[in-house]
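Asker: Just to be clear, the model below is a prediction. Sequence and coordinates:
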Amino acid sequence: MLPITKNQIYLNSVLDKVNASKNVAVIGGGFIGVEFAEQIRLLGKNVSLIELSDACLWQAFDKQYTDEIENLMKENGIRLYTNRKVTKINGDKKVESLTLDNGETLEADLVILALGVMPNSALAKEAGLELNAKGAIVVDQYTRTSVPNIFAVGDCAEKNAFSPEKMYPYY
């Protein structure tokens with residue numbers, strides 16, 4: 001397994017594999033997994049999204065909102081399996097199916113592991129910004145960092161803009 005890299009040749013080869021597939025399983029219901037599932041479904045593929053927690057995007061949104069998101073995904077043909085764990089990837093020379101912890105088998109000829117991202121926060125650390133235990137830049141609800149006039153968004157920043165627990169004072 002290799003991580004998805006930002007290289008055009010590599011990304012084209014990934015797209016070729018997606019286009020050649022019929023049944024795609026995405027393991028992980030965070031932002032990356034949900035986005036992959038949505039975009040692959042738009043290509044007309046059968047998509048199953050498997051999330052270990054009780055809701056997709058649970059780290060960023062409350063249950064009421066995640067329910068709405070999940071209903072939209074289902075309405076658009078994505079099969080959701082929450083509170084489920086993949087126990088086995090089946091197949092000899094290539095993937096044929098997945099086995100879930102409840103014994104259910106899902107057809108799959110392509111599996112995408114969207115199990116999280118590692119924030120690229122080396123520059124932020126060098127600049128003296130506060131990082132959390134996972135290496136993400138700590139921000140308040142306005143995306144302000146611990147250093148005045150520096151803001152952070154995207155995969156390198158914490159995702160707490162919708163439920164503020166930390167507020168940096170106005171600088």
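Answerer: Structure received. Numbers count the residues shown, from 1 in each chain.
Asker: quick one, domains of the protein?
Answerer: 8-113, 119-165 (automatic domain parsing).
Asker: Reformat those domains as TSV; add mean pLDDT.
Answerer: Putting those into TSV (pLDDT from 0 to 100) gives the following:
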stretch	mean pLDDT
domain 8-113	94
domain 119-165	83
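Asker: any chance of those in JSON lines, plus mean neighbour count?
Answerer: Backbone N, C-alpha and C define where each C-beta goes, glycine included. Shown next, in JSON lines, are the domains of the chain (neighbours: other CB atoms under 10 Å):
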{"stretch": "domain 8-113", "mean neighbour count": "16"}
{"stretch": "domain 119-165", "mean neighbour count": "15"}
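Asker: Which parts of the protein are helices?
Answerer: Under the criterion DSSP state H, the chain contains helices at 8-20, 31-42, 63-75, 122-126.
Asker: Turn the ones you listed into CSV, columns for distance to residue 140.
Answerer: Below are the helices of the chain laid out as CSV (distance: least, CB to CB, whole Å):
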stretch, distance to residue 140
helix 8-20, 34
helix 31-42, 20
helix 63-75, 20
helix 122-126, 15
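Asker: With respect to residue 110, which of these lies nearest?
Answerer: helix 8-20 (6.1 Å; CB to CB).
Asker: If we ignore the residues flanking it in sequence, what's nearest residue 128?
Answerer: Nearest residue to residue 128 in three dimensions, chain neighbours excluded: residue 147, at 6.1 Å (CB to CB, 6 or more residues apart in numbering).
Asker: Phi first, then psi, for the one you found.
Answerer: phi -110, psi 130 (degrees, to the nearest 10).
Asker: ok, so what distance separates it from residue 9?
Answerer: For residue 147, the distance to residue 9 equals 37 Å [CB to CB, to the nearest Å].
Asker: so where do the strands sit in this protein?
Answerer: Applying DSSP state E to the chain gives strands spanning 23-27, 46-51, 78-82, 86-90, 97-100, 105-107, 110-113.
Asker: Now tabulate those in a markdown table and tack on distance to residue 38.
Answerer: Shown next, in a markdown table, are the strands of the chain (distance: least, CB to CB, whole Å):
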| stretch | distance to residue 38 |
| --- | --- |
| strand 23-27 | 10 |
| strand 46-51 | 8 |
| strand 78-82 | 7 |
| strand 86-90 | 20 |
| strand 97-100 | 20 |
| strand 105-107 | 18 |
| strand 110-113 | 12 |
